[in-house]
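**Student:** Sequence first, then the predicted structure:
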Amino acid sequence: MTQKTKVAKAIVPAAFCAVFLILSPFEGAAGGEDSLALNDREYFETAGFNVLVFENQYNGMFFDEKTAGILLIHHGVRTATGGAVRLKPTPEQWDQIPEVVERKVDRENQTIEVRLRYKDFDFESRIVVRPQGGGVLFSVFLDQPLPSRLEGRTGLNLEFLPSAYFEKTYVMDGKTGIFPIYPSGPVEVKPLGTQLRQFADHATFDDCGRAEYVEPKPIAQGKSIILAPEAPERRIRIQSLDGVLALFDGRNVAQNGWFVLRQLIPAGTTGKAAEWLLSPTLISDWIRKPVIGHSQVGYLPDLKKTAVIELDGRDTPEASASVLRLDDAGEWIEVFSGPVKEWGPFLRYRYAFFDFTAVRDNGLYAIQYGAQRTDPFPIGSHVYDDIWQPTLDVWFPVQMDHMFVNEAYRVWHGAAHLDDALQAPVNHQHFDGYRSGDSTETKYKPGERIPGLNVGGWFDAGDYDIRTGSHCSTVRHFADAWEHFGIRRDETLVDQAQRYVDIHHPDGKPDILQQIEQGALALVAQHRAFGRAIAGIIVPELHQYHHLGDGSTMTDNLPYNPALREDESDRFSSGKPDDRWAFTNRSPWTNYASIAALAAAGRALRGFNDSLASECLAAAENAWADEHRQAEPEKRTGFRPFGTGEIDAALQLFISTKDKSYMDRFEKLLWPAMERGFQWNMRSAVQAVPFMGKGFRKKLLPFVEKYKIADEEATRQNPYGVPITARGWAGNGNVISWAVTQYLLHQAFPEVIGPEAVYRGLEYIHGCHPYSNISFVSGVGLRSKKVAYGNNRADFSFIAGGVVPGVLVIKPDFPENKEDWPFLWGENEYVIDICAEYILLANAANDPADRIK
């Protein structure tokens, strides 16, 4: 291919130090209408290539999430991130991040200017991005030379997604190389004193007392590099015009690291510091292939069936599509053809509908749209029968904390965290969002052992903490599923006495009750120790937190004994202070959530574990009484004006005890909360209908009617008819919760709310969503998530039945869910409460016809 590069001259104020990055296309994209230019959403765009400049900023919660800085979207795939002046060759999640002080968009001059600041070093830089010819010019200005502490450390970084370049090559100054699938060095050891401060002085590297850390060394260096020269859809040439480029593999220090291209900024520089020319290959007339959104698990015969077709913004919908049926001879036979109707634009794409409701016969089918054909999917009355079973059979057993978990020939993990837990220190800001005040608010001193917490619970998500809020939600969802559907499935042996779990080993007990028991044990343990709920339990050190693998190896599983040396053990305790911490500050919201969960668990466990059932209810009532001895809600930390957890707690206690005082409190709180924000409290209100008089239902009806109007307006905002969110955590949890609420409303108010949303929600989760059409439930549906953010993510694997967060909207308009890169938690991290509520929703969809019509 003949390279045609257009380089514009840059005019730079002499008073500033400058770093330039010039992007120019290879043959296949000329100037004019194909040139990069600012669009109305404030990023640079041409067909097949986008440059986003700090629309997505680093945040102080999880620091570098690999979704911030300067991003490149190349032929529909986000291939690069983190373009900025950085202080390390391969920044880890918890390393220093620049704060965006100011971002200015100048449409007239086609520029974006961003001022960045590293507060700890009083160091600022200003990045100006502008198109030039067929490319774009990036300039970074410094008012002052680098601070001495940052000399030899600071450079221009651009991070490339490893999975986009696996099994591809690169050429650096004519020398060829292969991008490594697995990191293999080189690295160097550095004195600990030279390490720059990470978050809150924590450290991601455990040096085992050696006072050192490691840092990657370049795998290639030179003036010019071509990435993926053999693959036009990923081919990018980057040239340094006045320095040396270095290619690093960030996975040498962190499995979630990216390939990083970097050029150091020389110390003392007061003029131009570096200049790059980046030239992406653009495929001529490239248009993103359509995505035919459909359910990977299939459809019930008599329900509405609509495929949502996602199209490139420059594409035109086909006039029609067809449905093919697979016959017994393996031949595809067309059985239906119908029109494709355009819906309109959403985010960056256009959308169209294909309604094939008329296809009702049992069988295997595929949708043909233009030259594309979907994978086969079934139509039949059985399609929802078992979609929840992997979640209950496999995913939840794998997440069980304090238990040895076996599956046939495989051991998932040993009994973890048997050394739980120590009282967390006061005035501490933890790296995972936990905080403590100036008192423990317990009888325990900081660092003191709290007995009895090493029981029950689940690993919260892809990490291993006991997060009380999500545990409460999980127990509630399980209890709801038990009470609504009486799920008696038994495929797992759970032996609490021996701390042993064996998957695919029935033990004569309903698995869902054993999971409720597992959650209740953890919650009751808190009430035994403190008389109330606490925020949670988590490892103290950052180098423990990013642990991947067997959870039983996060700590030594021996209670900390301060009388012993750190390397000493008496077989029953050790001098190593690696035990998890309990964060114990009082929160009314968390306490009420725990009260509600325990009240519900007490009902569900009656007849299964009567002593635990009684203790759950007693703990809930005692905590309620204690909470009411505290200050008025408005004066307490954690009060939420749109409805407190006290509403749920009062309802669950009333259902469990029939004590009218709880009912009175529930109604006293509910109706004002409904007036302030009925959408936040509808779930609680509708759950009360079967237990209240006819007058309650009548009073609730106007709110349900208003809810329906608001819901229909909200779900019309996108073509999928579900509430898609645009936060830093993708929205599958919100979709599932919304669909469950719709189910409950349909049960109570069938004349107002139909069942359609239940199935729309599941179809979205199972493949009818943006970006791709895979099922977001691992192992459920023909094509599902095979790479996810579970505790086995380092193996690029999955845990069957886990539900991921789903499609993340990269601001301003790029929906994404990576199937080849598990480490983006906002897209791919399994979480216990989402998974439990999925079991509830799946069973709602499979409800008998006389209950959901």
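**Tutor:** Structure received.
**Student:** Residues contacting stretch 259-268, please?
**Tutor:** 17, 19, 82, 85-86, 89-91, 145-146, 148, 151-152, 154-162, 165, 179, 225, 238, 240, 243-250, 273-274, 276 (CB atoms under 8 Å, 6 or more residues apart in numbering). (Each C-beta comes from the backbone N, C-alpha and C, glycine too.)
**Student:** next one: that stretch to chain centre, how far?
**Tutor:** 31 Å (CA atoms, centre = their mean, to the nearest Å).
**Student:** distance between the ends of that stretch?
**Tutor:** 28 Å (CA to CA, to the nearest Å).
**Student:** mind listing what's buried in that stretch?
**Tutor:** F259, V260, L261, R262, Q263, L264, I265, P266 (16 or more other CB atoms under 10 Å).
**Student:** mean confidence score for the helix with the most length in the chain?
**Tutor:** Longest among the helix segments of the chain by residue count, using DSSP state H, is helix 660-688. Computed over helix 660-688, the mean pLDDT rounds to 95.
**Student:** With stretch 172-190 instead?
**Tutor:** On average, stretch 172-190 scores 95.
**Student:** hmm, back to that, mind listing which of the buried residues of stretch 259-268 are in strands?
**Tutor:** With strands taken from DSSP state E, the overlap with those comprises F259, V260, L261, R262, Q263, L264.
**Student:** Go through the residues you listed and say which is closest to N792.
**Tutor:** F259 (22.8 Å; CB to CB).
**Student:** re the thing from before, return the list of helices and strands in contact with the longest helix of the chain.
**Tutor:** Secondary-structure packing of helix 660-688 (3 or more CB pairs under 8 Å, 6 or more residues apart in numbering; DSSP states H and E): helix 645-657, helix 694-715, helix 732-748.
**Student:** What residues sit buried inside it?
**Tutor:** Under 16+ other CB under 10 Å, the buried positions of helix 660-688 are 662-663, 665-667, 669-671, 673-674, 678-679, 681-688.
**Student:** Could you do stretch 286-302 as well?
**Tutor:** Buried, per 16+ other CB under 10 Å, within stretch 286-302: 286-288, 290-301.
**Student:** Using PDB, list the CA coordinates for it.
**Tutor:** Extracted in PDB, the C-alpha atoms of stretch 286-302 (Å, rounded to 0.1, in the frame of the first residue of the first chain):
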ATOM      1  CA  TRP A 286     -15.900   1.400   5.600                       C
ATOM      2  CA  ILE A 287     -19.300   1.000   7.200                       C
ATOM      3  CA  ARG A 288     -19.800  -1.000  10.400                       C
ATOM      4  CA  LYS A 289     -21.600  -4.300  10.000                       C
ATOM      5  CA  PRO A 290     -25.200  -4.400  11.300                       C
ATOM      6  CA  VAL A 291     -25.800  -6.000  14.600                       C
ATOM      7  CA  ILE A 292     -29.100  -8.000  14.600                       C
ATOM      8  CA  GLY A 293     -30.200  -7.800  18.200                       C
ATOM      9  CA  HIS A 294     -32.200 -10.900  19.300                       C
ATOM     10  CA  SER A 295     -32.600 -13.300  22.200                       C
ATOM     11  CA  GLN A 296     -29.900 -16.000  22.300                       C
ATOM     12  CA  VAL A 297     -32.200 -18.200  24.400                       C
ATOM     13  CA  GLY A 298     -35.100 -17.900  22.000                       C
ATOM     14  CA  TYR A 299     -38.800 -16.900  22.200                       C
ATOM     15  CA  LEU A 300     -42.100 -18.200  23.600                       C
ATOM     16  CA  PRO A 301     -44.500 -19.000  20.700                       C
ATOM     17  CA  ASP A 302     -47.300 -16.500  21.300                       C
END
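**Student:** Just give the nearest non-adjacent residue to F478, would you?
**Tutor:** I516 (4.8 Å; CB to CB, 6 or more residues apart in numbering).
**Student:** if you go through the stretch 201-350 of the chain in chain order, where are the strands?
**Tutor:** 212-216, 220-222, 224-227, 236-240, 245-249, 259-264, 272-280, 291-293, 306-311, 320-326, 332-346, 349-355 (DSSP state E, counting those that start in this stretch).
**Student:** Make sure I309 is actually in contact with H294.
**Tutor:** No - counting by CB atoms under 8 Å, I309 does not reach H294; the two are 9.4 Å apart.
**Student:** ok, back up a step: determine which of the helices and strands packed on helix 660-688 approaches L542 most closely.
**Tutor:** Distance to L542, taken as CB to CB, is lowest for helix 732-748 among those, at 26.1 Å.
**Student:** all strands of the stretch 451-600 of the chain, in order?
**Tutor:** Going by DSSP E, counting those that start in this stretch, the stretch 451-600 of the chain shows strands at 466-467, 492-495, 500-503, 536-538, 581-583.
**Student:** Just the buried positions in the second one, please.
**Tutor:** So the one you mean is strand 492-495. In strand 492-495, counting by 16+ other CB under 10 Å, buried: T492, L493, V494.
**Student:** I'd like those as CSV, with distance to L564 and pLDDT appended.
**Tutor:** Formatted as CSV, the buried residues of strand 492-495 follow (distance: CB to CB, whole Å; pLDDT from 0 to 100):
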residue, distance to L564, pLDDT
T492, 38, 98
L493, 37, 98
V494, 34, 98
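**Student:** Specify which member of the residues you listed is nearest to G174.
**Tutor:** When these are compared for distance to G174 (CB to CB), T492 wins out at 58.5 Å.
**Student:** Show the low-confidence segments of the stretch 751-853 of the chain, by residue range.
**Tutor:** Low-confidence segments of the stretch 751-853 of the chain (pLDDT under 70): 848-853.
**Student:** go with 50
**Tutor:** Scanning the stretch 751-853 of the chain for pLDDT under 50 picks out the ranges 849-853.
**Student:** quick one, helices of it?
**Tutor:** 756-765, 825-828, 832-845 (DSSP state H, counting those that start in this stretch).
**Student:** now swap in the stretch 401-550 of the chain and tell me
**Tutor:** Counting by DSSP H, counting those that start in this stretch, the helices of the stretch 401-550 of the chain are 468-485, 511-530, 542-545.
**Student:** Identify the residues contacting the first one?
**Tutor:** Residues outside helix 468-485 that contact it (CB under 8 Å, 6+ apart) are 457-458, 460-461, 487, 510, 512-513, 515-516, 519-520, 522-523, 526, 533-536, 590, 593-594, 596-598, 600-601, 603-604, 831-833, 835-837, 839-840, 843-844, 847.
**Student:** and it, which residues are buried?
**Tutor:** By neighbour count with 16+ other CB under 10 Å, helix 468-485 contains the buried residues 468-482, 484-485.
**Student:** for stretch 271-290, same thing?
**Tutor:** By 16+ other CB under 10 Å, the buried positions in stretch 271-290 come out as 272-282, 286-288, 290.
**Student:** same thing with stretch 427-447?
**Tutor:** H430, F431, D432, Y434, S436, T440, T442, Y444.
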